[in-house]
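Undergrad: I need the structure of the sequence given here:
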Amino acid sequence: MPNMLVALTNAICDRAWPEPREYILRDTRQPGLGLRVRACGARSWIVRQRLGDRQVKHSLGGYPAMGVKLARQTANALLAGDIKAPDAASIAPTFEAFQAEYESKLAVRLKPSGLRTYRSYMRLQLLPAFAGKRLDSITRPEVISWFQHCSATSPGGANRALDILSHMLGMAAKWGYLPAGWINPAARVRRNRRKIVGTFLSHDQMASLGAVLAVRMEQGCIAASLLRLLSLTGLRVGEAIDLEWRDVLPDRLRLRDSKTGPRDVPIGGPVVQFFKGHRARFRRSLPKASKVFPLPVGQEYEMIRRVWFALRKEANLPPRLRMHDLRHSFASHAIMSGETLLTTSRLLGHRRVQTTARYAHLADDALLETAEMIGALILRQAGLPAHYLGP
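TA: Modelled structure (predicted):
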């Protein structure tokens, strides 16, 4: 009902439901008065007044705090020059009120684990800092002060909480809760530098682990088979645990759910042979909906973890090495073999190439080989003899 002329009543104002774009109900009894209905559902009174050659718009207050009768009286006095235009009243909701709406719309897009993480940051960090404040009253100095306080104890957690705050305020602006020209106070705040965690297995370490895995797999250890798949594909542990035989296609694995959503993982001959051998060990027909790695329900991760600790010790691998470092190793060996960051990123299911770059550790011998290749190239371009390369 965009920009309708109507004799406004409280009943009509109550029934003024929001539409995709904001609209104004203009009052026929008081010229210049209108009820603005925003897309977010907020309703407020405005008065249009002509001053010389230009038209000025004043905000009187929100509805239903200001009823129709009081709005007409105020508009009439303003247009007659009896009163000055009031300061625009804020129609932005409080932080905790908007948070409830934000969560209700966000929850449908989050996995249960992601929703638990979001609620934890909201309960422990964001609500204690900003509860009771209207969204448009949150200032950049307040955000920076809060962020620095959180960073003192948990730099990574502060980064995550800041991302939630920035996205939340950005959606409030998109949904029409904040005035035009408002600038997000959480945007462009410098994040804490991320500490690089993890390492990768060298060629010798991969060979040592592979030999130990082969023995365990021959003994029928399902967790060892799962770890072998991680080293061959770079899958996350949870993705391998959830894998079913119907997800194993001739040329790819179809992940119905992952950290970044459903995706396909291309597989080559070695992985295809792995699945053939793994299925043959069961010596029986398996339904397509059954798990590829049938571990005890609810205890999958703990069982794999125990097996990993034992394998790590048998293979003489560093105690700090984690299961997730098999994923790091997959990325690093792919890069060292000549694959691009973009290709490796697609294989790992990363949304950003920058994430893959953090996984791509390079061995010293690979760096030395590259340095020698570049040096030889430069010497050839300069026309210098080969003996300049040294023995």
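Undergrad: Can you give me the distance of Lys174 to Asn184?
TA: Look at Lys174 and Asn184: by C-beta to C-beta, to the nearest Å, they are 11 Å apart. Backbone N, C-alpha and C define where each C-beta goes, glycine included.
Undergrad: between those two, who's got more neighbours?
TA: Ranked by neighbour count (other C-beta atoms under 10 Å), Lys174 and Asn184 place Asn184 first, with 19 against 11.
Undergrad: so what's the closest residue to that one other than its chain neighbours up against?
TA: Nearest residue to Asn184, sequence neighbours excluded (C-beta to C-beta, 6 or more residues apart in numbering): Leu169, at 5.1 Å. Contact analysis of Leu169 by C-beta atoms under 8 Å, 6 or more residues apart in numbering lists Leu135, Ile138, Leu178, Asn184, Pro185, Ala186.
Undergrad: Show me the residues you listed that map onto strands.
TA: Using DSSP state E, no member of the contacts of Leu169 falls within strands.
Undergrad: okay if I get those as a markdown table plus pLDDT and distance to Gly67?
TA: Shown next, in a markdown table, are those (pLDDT from 0 to 100; distance: C-beta to C-beta, whole Å):
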| residue | pLDDT | distance to Gly67 |
| --- | --- | --- |
| Leu135 | 90 | 25 |
| Ile138 | 92 | 30 |
| Leu178 | 82 | 25 |
| Asn184 | 93 | 34 |
| Pro185 | 93 | 34 |
| Ala186 | 93 | 36 |
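Undergrad: Closest to Gln49 out of those residues?
TA: The nearest member of these to Gln49, counting by C-beta to C-beta, is Leu178 at 24.6 Å.
Undergrad: which of the residues in the strand or helix carrying Met206 are buried?
TA: If you go by DSSP states H and E, Met206 is part of helix 203-218. Using 16 or more other C-beta atoms under 10 Å as the test for burial, helix 203-218 gives Gln205, Met206, Ser208, Leu209, Val212, Leu213, Arg216, Met217.
Undergrad: do stretch 332-339 as well
TA: So stretch 332-339, judged by 16+ other C-beta under 10 Å, has buried residues Ser332, His333, Ala334, Ile335, Met336, Glu339.
Undergrad: and those residues, which of them are in helices?
TA: Mapping the buried residues of stretch 332-339 onto helices (DSSP state H) picks out Ser332, His333, Ala334, Ile335, Met336.
Undergrad: neighbours of Ala80, just the number please.
TA: Neighbours around Ala80, by other C-beta under 10 Å: 8.
Undergrad: Output the below-cut-off pLDDT ranges for the stretch 151-300 of the chain.
TA: For the stretch 151-300 of the chain, the stretches with pLDDT under 70 are 195-198, 260, 282-289.
Undergrad: What segments of it are helices?
TA: 155-174, 203-218, 222-233, 237-242, 269-280, 300-314 (DSSP state H, counting those that start in this stretch).
Undergrad: looking at the ones you listed, which is closest to Phe147?
TA: helix 155-174 (5.6 Å).
Undergrad: List the buried residues in the closest one.
TA: So helix 155-174, judged by 16+ other C-beta under 10 Å, has buried residues 157-162, 164-166, 168-169, 172-173.
Undergrad: can you list the domains in this structure?
TA: 4-80, 95-174, 203-360, 362-391 (automatic domain parsing).
Undergrad: between these, which one is nearest to Arg191?
TA: When these are compared (using C-beta to C-beta), the closest one is domain 95-174, at 4.8 Å.
Undergrad: out of the helices of the stretch 151-300 of the chain, nearest to Arg193?
TA: Across these, closest to Arg193 is helix 155-174 (C-beta to C-beta), at 7.8 Å.
Undergrad: Now Gly62. Nearest residue, chain neighbours left out?
TA: Ser44 is the one closest to Gly62 (C-beta to C-beta, 6+ apart), at 4.7 Å.
Undergrad: no wait, Arg193
TA: Closest to Arg193 by C-beta to C-beta, 6+ apart is Pro155, at 7.8 Å.
Undergrad: Okay, that neighbour and Leu249: tell me how far apart.
TA: 42 Å.
Undergrad: How about Arg346?
TA: Relative to Leu249, and taking C-beta to C-beta, Arg346 is found at 17 Å.
Undergrad: If we go by neighbour counts, what in the helix or strand containing Arg116 is buried?
TA: Using DSSP H and E, the element containing Arg116 is helix 112-121. Within helix 112-121, the residues that qualify as buried are Tyr118, Tyr121, counting by 16+ other C-beta under 10 Å.
Undergrad: doesn't Leu110 make contact with Tyr118?
TA: Yes: using C-beta atoms under 8 Å as the test, Tyr118 is close enough to Leu110 to be in contact (6.6 Å).
Undergrad: ok, back up a step: bridged to the residue nearest to Gly62, which residues?
TA: Arg36, Gly62 (DSSP bridges).
Undergrad: Look at it and report its pLDDT.
TA: Listed pLDDT for Ser44 reads 85.
Undergrad: That one: neighbour count?
TA: Neighbourhood size, Ser44 [other C-beta under 10 Å]: 21.
Undergrad: Ok, the one 10 residues further on next?
TA: In terms of burial, Arg54 registers 7 neighbours under the definition other C-beta under 10 Å.
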